[in-house]
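Enquirer: fold the following and give me the result.
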Amino acid sequence: MITFKLQNMTIKQKLTAIIMFTSAVILLLAITIFIIWGQIEARRQLVIDLNCHAAMIADNCKASLAFSDKEDAEQILSALHARGSIVFACVYDKQGQVFVEYQRKGITEKIRPSEPQDDSHAFEHGYLSLFHQIKLDGEMVGTVYLRDDMSRISAALMWNIVVAISTLLFVMVVAYFLSLKLQKVVSGPILSLAEVAKGVSEKKDYSVRAIKQSNDEVGWLIDTFNEMLEQIQQRDAELVGSKEQLEIKVEERIKDLNCLYSLSKLVEQPEIPLGAIFQETTELIRMAYQYPDFICVRITFNGVKYITDNFDKSELSQHAGIKAGGEKAGDIEVYYLGEEAEAGESPFLQEEGELLDAIAEHLGRIAERTQAGEKLQLFRNLIDRSNDCIFVMKLKWGRFLDVNDKACESLGYTREELLTMSFKDIEESIRDESAWQQQAEELKLKTDLVIEGRHKRKDATTFYAETSLKYVSQDKEEYIIAVARDVTERKKVEEEREKLLEQVESINKELKDFAYIVSHDLKAPLRGIKTLADWIATDYADKLDEEGREQIGLLSGRVVRMHNLIDGVLQYSRVGREKVKRVRVNLNELVSEVIEAIVPPEHIEITVENEMPVVECDETRIMQVFQNLLSTAVKYMDKPQGRIRIGCVQENGFWKFSVSDNGPGIEEAHYEKIFQIFQTLLPRDEVESTGVGLSVVKKIVELYGGRIWVESKPGEGSTFFFTLPKPESEVEYDAKLEANIVS
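Expert: Presented below is the predicted three-dimensional model:
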């Protein structure tokens, strides 16, 4: 509290108060100690004085006690009235009984004497009680008791207090006047320093100095303050100079800022074309220079030039390149048309060059934004014209952020309505939030997902939709781009196709059953006819003439032909209908087995020109292909020395096989006919053939994703080509191997 009050005083008042307070505290302590010491000393003197009185009374009362003379003892005690502070006194006899007593006049209360004690004294209840034994010839014959009211000590205390207060007041008055004089030694320099600081603060005159009056800490403070003023004065002068230079630069830069501001306002105009921006910028640049009347500007962007009305070239110029998309797209040229300045001086300021660079950079960004906006608008138009529904939504809740026009049209909602909805509101398969969260987690793992469901229109109708979901993460935000397509028609087609497939499957089963039934029912009579013909030829060989045997042979041949034709039809019908098991087949071994199986005549040579590959297919089917091709070549060979060559090469991810011969060849007009069922080039009586073999080969090759064709020259021979796709792993390996070879 005292500290707070001192903080709000002036330094004079603080020093005076501190001196006065210190003096008062010290003086009070001294007076208190003096009074306490005086009280202690007064009590000690009182005890000594009272003990002397008791000793005198004891000496005078010895005889009275010895002769039991109370009257004499009372006279001795009555002398105590001369000492007004003794209020009671008595003499005890040897037995401790009161022998005689004395009580000061004016005391109405009867004072009971205490029990006699040994020589002792005690201060109690504002009185001093004292006992003194009376001894005669060394024997205690009685005791004197005195009680003093200590009025002398109280009077002395009051006097001491009055003297102390008077002294304190006198000393405080003296201390006050002394402090008024002495505090100036300390407060004077400080107040002087404060006046100087106040003047500096109000007048901002840093040239004034404080006067040093002593060599103590205050003097050091004044020296430091004066040094600080000198530094401030120097800095103030520097700041004034800098301010003047800054004002000049600010005036120069105001034009730059006005130019950039005007350019910004120009860009903010709605639907302003890029060319208009460049044309207006030429005038803005011209007016931003310090000599606008002698300045002309040309801006070139993407080959188009924009110039001021006074444009002309000169040797004094400034240039800045315009970059858009990280590549140079144009230039800004500024020419000075005035008189040339003195040698070494440029009519252009450094700030003007910086301004030109800033404008070029700004124009580049404007061009980028404008072109990006045009592309974005084009992209938006493409999206809105898309035949698919396109949605952009938040991953967390599936809420739509944007939709295209097709989505609004298909669902029957406005864009504003859809932007308040989420994907679960239009998709029947996602019934609640938990279903959406499960779908979102699956999408995050796969990044791409295609789902099929039914979308709900505003009028409560639904339609089949196939939705492609794409997970996108950008700036720590997770989005989904969904493209939905109405597949109602496709679903109808698929349903119809399923029905047709079921019907085809049923028909195929019926055909298969029919083929087996026909085969069995036809082969049984044929076997009977063949057996009967063989019996007749054997049993009646001696009875048949040449014509009869020929007719029997012709009958057996027709039966065999019919049997082979039935087998060919069955083989052809099985291709594509029966499920086959794909295995790895070594064609080197298989081709050798086929050659051995067909047993070519001695005049026909069959050779394998190069290494055959290992393919994945059904072994029976591929054996049938080679067997039919080789059998056809052998069957139609018309040369005395027949040559059949088998080859294989790799070509565009396929194995390309060839079976060539030097037989009669095939006319080009028959290239397609030979692969049709039941078609032969020669009469069956000349060459026994069912016309099914090549059609079976064609069907098997196409079943495995390959194709077959023939190249031939009549009279020189034919070459049958067919292809089989290589496994994907082999295609990738071959591509890597080829890349390594090229490297």
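
Enquirer: check contacts around His132.
Expert: His132 sits next to 51, 54-55, 57-58, 119, 143-144, 146 when contact means CB atoms under 8 Å, 6 or more residues apart in numbering. C-beta here means a position set from N, CA and C on the backbone, and glycine is covered the same way.

Enquirer: quick check: Pro664 is in a strand.
Expert: No. Using DSSP: H, G, I helix; E, B strand; the rest coil, the assignment for Pro664 is coil, not a strand.

Enquirer: out of the contacts of His132, who's the most crowded?
Expert: Neighbours here mean other CB atoms under 10 Å. Within the contacts of His132, the largest count is held by Val144, at 27 neighbours.

Enquirer: can you list the buried residues in the helix or strand that that residue is a member of?
Expert: In the assignment (DSSP states H and E), Val144 maps to strand 139-148. Taking 16 or more other CB atoms under 10 Å as the neighbour-count basis, strand 139-148 is seen to contain the buried residues 141-148.

Enquirer: which stretches of the stretch 51-200 of the chain form helices?
Expert: Using DSSP state H, counting those that start in this stretch, the helices of the stretch 51-200 of the chain run over 70-78, 151-182, 184-203.

Enquirer: ranking the ones you listed by burial, who's on top?
Expert: helix 70-78 (a mean of 16; mean count of other CB atoms under 10 Å).

Enquirer: ok so, going back, between the helices of the stretch 51-200 of the chain, which one is nearest to Lys492?
Expert: helix 184-203 (94.3 Å; CB to CB).

Enquirer: quick one: contacts of that closest one?
Expert: 11-12, 15, 205-206, 208-214, 218-219, 221-222, 225, 229.

Enquirer: if you set the cut-off to 6 Å instead, what comes out?
Expert: 11-12, 15, 208, 210, 213, 218, 222 (CB atoms under 6 Å, 6 or more residues apart in numbering).

Enquirer: which of the residues you listed fall within helices?
Expert: 11-12, 15, 218, 222 (DSSP state H).

Enquirer: for the residue lying closest to Asp148 once chain neighbours are set aside, grab the count of nearby residues.
Expert: Counting by CB to CB, 6 or more residues apart in numbering, the nearest residue to Asp148 once its immediate chain neighbours are dropped is Leu128, at 4.5 Å. As a burial measure, Leu128 scores 20 neighbours (other CB under 10 Å).

Enquirer: report the separation between Leu128 and Met150.
Expert: 6 Å (CB to CB, to the nearest Å).

Enquirer: what do those two both touch?
Expert: By CB under 6 Å, 6+ apart, no residue touches both Leu128 and Met150.

Enquirer: hmm, back to that, now the helices of the stretch 51-200 of the chain in a markdown table, with distance to Leu363?
Expert: Output for those, formatted as a markdown table (distance: least, CB to CB, whole Å):
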| stretch | distance to Leu363 |
| --- | --- |
| helix 70-78 | 131 |
| helix 151-182 | 79 |
| helix 184-203 | 51 |
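
Enquirer: what about Gln318, which helix or strand?
Expert: Per DSSP H and E: Gln318 is located in strand 317-324.

Enquirer: partners of the following helix or strand past that strand, with directions?
Expert: Per DSSP H and E, the first helix or strand lying C-terminal to strand 317-324 is strand 327-336. Strand pairing for strand 327-336, determined by DSSP bridges: strand 295-301 (antiparallel), strand 317-324 (antiparallel).

Enquirer: center of the chain - which residue?
Expert: The chain has Lys476 as the residue nearest its centroid, 4.9 Å off, counting by CA atoms, centre = their mean.

Enquirer: do you know the pLDDT at that residue?
Expert: For Lys476, the pLDDT comes out at 77.

Enquirer: before we move on, what about Gly576?
Expert: pLDDT, Gly576: 52.

Enquirer: cool, Phe657 as well?
Expert: Per-residue confidence (pLDDT) for Phe657: 93.

Enquirer: distance between the strand or helix carrying it and the chain's centre?
Expert: With secondary structure defined by DSSP H and E, Phe657 is part of strand 654-661. Relative to its chain's centre, strand 654-661 lies at 62 Å (CA atoms, centre = their mean, to the nearest Å).

Enquirer: which neighbouring elements make contact with it?
Expert: In terms of contacts (3 or more CB pairs under 6 Å, 6 or more residues apart in numbering; DSSP states H and E), strand 654-661 is packed against strand 642-651, strand 717-725.

Enquirer: so for Glu442, which of the ones you listed sits nearest?
Expert: Comparing the helices and strands packed on strand 654-661 under CB to CB, the one sitting nearest is strand 717-725, at 33.9 Å.

Enquirer: partners of the closest one, with directions?
Expert: Counting by DSSP bridges, strand 717-725 is paired with strand 654-661 (antiparallel), strand 708-713 (antiparallel).
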